[in-house]
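Asker: Give me a model of this one.
(chains A, B, C and D)
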Number of protein chains: 2
Amino acid sequence: MGVNQQSDATNLDRRKQIRRLAAEMFFERGYEATTMRELAAAIDIKTASLYYFFPNKEQILFDLIESVVKQLVLGARHLVDNERTHEQRLASLVVNHVVLHAMRPKESTLGDSELRSLTKKHLRANVRHRDEYERLVVDVLEAGGRDGAFSLIDTKLTAYAIIAHSSHVGTWYRPDGRMSVGDVAEVYVDLALRMVDAESLPSDDVQRLVANAESFHATQPT
Amino acid sequence: MGVNQQSDATNLDRRKQIRRLAAEMFFERGYEATTMRELAAAIDIKTASLYYFFPNKEQILFDLIESVVKQLVLGARHLVDNERTHEQRLASLVVNHVVLHAMRPKESTLGDSELRSLTKKHLRANVRHRDEYERLVVDVLEAGGRDGAFSLIDTKLTAYAIIAHSSHVGTWYRPDGRMSVGDVAEVYVDLALRMVDAESLPSDDVQRLVANAESFHATQPT
DNA sequence: TGCCACCTAGCTAGCGCCCGTTAGGTCTGA
DNA sequence: TCAGACCTAACGGGCGCTAGCTAGGTGGCA
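Answerer: Numbers count the residues shown, from 1 in each chain, chains lettered A, B, ... in the order given. Have a look, this model is predicted:
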């Protein structure tokens, strides 16, 4: 071709470009329904060239799913460790979850809907991360329960419920909708606090957490 | 073959058998990843014979998804209409949702994860049903809010959250686990009532609803 | 400075396989 | 005898992936 040498300014990180478009297509059509030919066409390279950057199709999916769950755990630890009260710590978890799912809805959702397409090895690796994340949530709930800040109906199911409905944000949130990420996060924090029968947090507190989460996830490698 | 004439006792409802196995395989491997050949092999008929019962693959998926969402709406109306207080009416919705998702986890989950594989026409039909269902939940919440029985943070997001985390039951519930359907339903009812800041319901009340829901969904055509 | 080995980022061509679906035949019980 | 419930055989096409090539840089060293 010769014409395309500098077509993109981001010519140097084709990998990132592939991942971005793959996330979009896997999210919209599903992993199995997306073909390497379509993905290549969307990027305007030949199919075989994808294999220069990734060894196979499944590795692209795994990279996407893995990066999100790692980021989720990293963000959760980072935010929780800075907070003192049980209410603030639970709020950190919810804010982290909602903000990441609103910032990267496509990749985030893949981790819920396309796990079955991973190889056994990759699936195990991912389940380990998800268990670790679940553990984090359960620990915060239990600590609050022990100290009397929370009244828990069922710790594990409460953790499941908070994670499940917070993840759902990725499927309906639109940046140009009626609510900002901060608004959405505030609602979900309030809901979570009610679920454990805790005091509500002042809005300023939540917005501070949202700002922290946004800057943490914006500056992270990927 | 000649040997297989009466192989199953349910020889007459091959359609049901196909649907049951398709639900299982679509749930476990995904719709796109399941082939008509595998499905036929699991039933022990030839691939072409599937086309005697269904015109194409997508119709099987649509039948499964559609039957669940219809059942969901039917059950919700049936249960809600019999209850008087706002707390009982919200509890009805949650119980109906949880019981159906625990009774038919595979079909239920397809309606959340495989919608994108439907044709445009079928998708529209399904979205109409889902919107109708969402409307039902929103209406119960708003009525409770108007009468002061509930204190709502955000009606629509609360509805989303309740639907999302109650649907999640389908992915983790096992009949031989630590909790019965009744136990699970009770937890989710309590969580939902907390989310709207309402009084908790006596356990007897919830168990009565569970029994109603179970018998309603057991005797329904499909 | 000039040359050459090597690297990066693609490319062409095609292999081997599996996909959903169909046309048309056959067996069996009522 | 005839219709319902299957079957055999195969079509056309798309799939993931690979072997092997190449144009244009980059770095080391004679």
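Asker: And the next helix or strand past the host helix or strand of A:R135?
Answerer: If you go by DSSP states H and E, A:R135 is part of helix A:120-146. The helix or strand immediately downstream of helix A:120-146 is helix A:155-167, counting by DSSP H and E.
Asker: Please name every helix or strand in contact with that following helix.
Answerer: In terms of contacts (3 or more CB pairs under 8 Å, 6 or more residues apart in numbering or on different chains; DSSP states H and E), helix A:155-167 is packed against helix A:86-103, helix A:105-113, helix A:120-146, helix A:181-195, helix B:155-167, helix B:181-195. The way it works is simple: take the backbone N, C-alpha and C, and place the C-beta from them, glycine included.
Asker: redo that, cut-off 6 Å
Answerer: Helix A:155-167 sits against helix A:120-146, helix A:181-195, helix B:155-167, with contacts defined as 3 or more CB pairs under 6 Å, 6 or more residues apart in numbering or on different chains; DSSP states H and E.
Asker: can you list contacts of the second one?
Answerer: Right, the one you point to is helix A:181-195. The contact list for helix A:181-195, computed with CB atoms under 6 Å, 6 or more residues apart in numbering or on different chains, reads A:90-91, A:94-95, A:98-99, A:102, A:158, A:162, A:166, A:200, A:206-207, A:210, B:153-154, B:157, B:161, B:191, B:194-195.
Asker: Angles on the backbone of A:F54, please.
Answerer: phi -130, psi 140 (degrees, to the nearest 10).
Asker: now it: how far from A:T109?
Answerer: 20 Å (CB to CB, to the nearest Å).
Asker: So for these two, which residue has more residues nearby?
Answerer: A:T109 (21 against 18; other CB atoms under 10 Å in any protein chain shown).
Asker: Run a quick check on the more buried one versus A:H168, I expect a contact.
Answerer: No. In this structure A:T109 lies outside contact range of A:H168 using CB atoms under 6 Å: 9.2 Å.
Asker: Check A:T219 and give its pLDDT.
Answerer: Looking at A:T219, its pLDDT stands at 80.
Asker: Burial check on it, number of neighbours?
Answerer: 7.
Asker: Roughly how far does it sit from B:K120?
Answerer: In terms of CB to CB, A:T219 sits 41 Å off from B:K120.
Asker: Flag every residue of chain A that's near DNA strand D.
Answerer: A:2, A:5, A:34-38, A:47-48, A:51, A:55-58 (CB under 7 Å from any atom of the strand).
Asker: Including secondary structure, could those residues go into a markdown table?
Answerer: Shown next, in a markdown table, are the residues of chain A next to DNA strand D (DSSP: H, G, I helix; E, B strand; the rest coil):
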| residue | secondary structure |
| --- | --- |
| A:G2 | coil |
| A:Q5 | coil |
| A:T34 | coil |
| A:T35 | coil |
| A:M36 | helix |
| A:R37 | helix |
| A:E38 | helix |
| A:T47 | helix |
| A:A48 | helix |
| A:Y51 | helix |
| A:P55 | coil |
| A:N56 | coil |
| A:K57 | helix |
| A:E58 | helix |
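Asker: closest to B:N82 among those?
Answerer: A:T34 (46.3 Å; CB to CB).
Asker: How about A:S113, nearest residue that isn't a chain neighbour?
Answerer: B:S113 (5.3 Å; CB to CB, 6 or more residues apart in numbering or on different chains).
Asker: Low-confidence regions, chain A specifically.
Answerer: A:1-12, A:220-222 (pLDDT under 70).
Asker: Show me the residue at the heart of it, geometrically.
Answerer: Nearest to the geometric centre of chain A sits A:S108, at 4.1 Å (CA atoms, centre = their mean).
Asker: tell me the contacts of that one?
Answerer: By CB under 6 Å, 6+ apart, the neighbours of A:S108 are A:V68, A:H101, A:G170.
Asker: now, which of the residues you listed lie close to chain B?
Answerer: Restricting the contacts of A:S108 to those within reach of chain B (CB under 6 Å from any CB of the partner chain) leaves nothing.
Asker: Which of those residues sits closest to chain B?
Answerer: If you rank the contacts of A:S108 by distance to chain B using CB to the nearest CB, A:G170 comes first, at 10.8 Å.
Asker: residue contacts, the closest one?
Answerer: So A:G170 contacts A:H101, A:P105, A:S108, A:T109 (CB under 6 Å, 6+ apart).
Asker: Same list, those, but as a markdown table with distance to A:D131 please.
Answerer: A markdown table is the format used below for these (distance: CB to CB, whole Å):
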| residue | distance to A:D131 |
| --- | --- |
| A:H101 | 19 |
| A:P105 | 23 |
| A:S108 | 18 |
| A:T109 | 20 |
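Asker: between the residues you listed, which is closest to A:A76?
Answerer: For the contacts of A:G170, the nearest to A:A76 is A:H101 (12.6 Å; CB to CB).
Asker: shouldn't that closest one be in contact with A:V169?
Answerer: Yes. Assessed by CB under 6 Å, A:H101 is found in contact with A:V169 at 4.6 Å.
Asker: thinking again about what came up before, and the angle from the helix holding A:R135 to helix A:105-113?
Answerer: Following axes from the mean of the first three to the mean of the last three CA atoms, to 10 degrees, one obtains 90 degrees for the angle between helix A:120-146 and helix A:105-113.
Asker: what does chain A put close to chain B?
Answerer: So chain A meets chain B at A:30, A:32-33, A:113, A:116, A:153-154, A:157, A:161, A:164-165, A:168, A:187, A:190-191, A:194-195 (CB under 6 Å from any CB).
Asker: rewinding a little: and the contacts of helix A:181-195, which of them are buried?
Answerer: Among those, those classed as buried by 16 or more other CB atoms under 10 Å in any protein chain shown are A:90-91, A:94-95, A:98-99, A:102, A:158, A:162, A:166, A:206, A:210, B:153-154, B:157, B:161, B:191, B:194-195.
Asker: Regarding stretch A:142-156, how distant is the last residue from the first?
Answerer: 10 Å (CA to CA, to the nearest Å).
Asker: List the neighbours of it that are in contact with it.
Answerer: Counting by CB under 6 Å, 6+ apart, A:H86, A:V138, A:L141, A:V196, A:D197, A:A198, B:V187, B:D190 sit against stretch A:142-156.
Asker: ok, 10 Å please
Answerer: Outside stretch A:142-156, the residues within contact range by CB atoms under 10 Å, 6 or more residues apart in numbering or on different chains are A:85-87, A:89-90, A:134, A:137-141, A:158-161, A:193, A:195-199, B:172, B:178-179, B:183-184, B:186-191, B:194, B:200.
Asker: Now, of those, which are buried?
Answerer: Of those, these count as buried by 16+ other CB under 10 Å: A:86-87, A:89-90, A:137, A:140-141, A:158-161, A:193, A:195-196, A:198, B:179, B:184, B:186-191, B:194.
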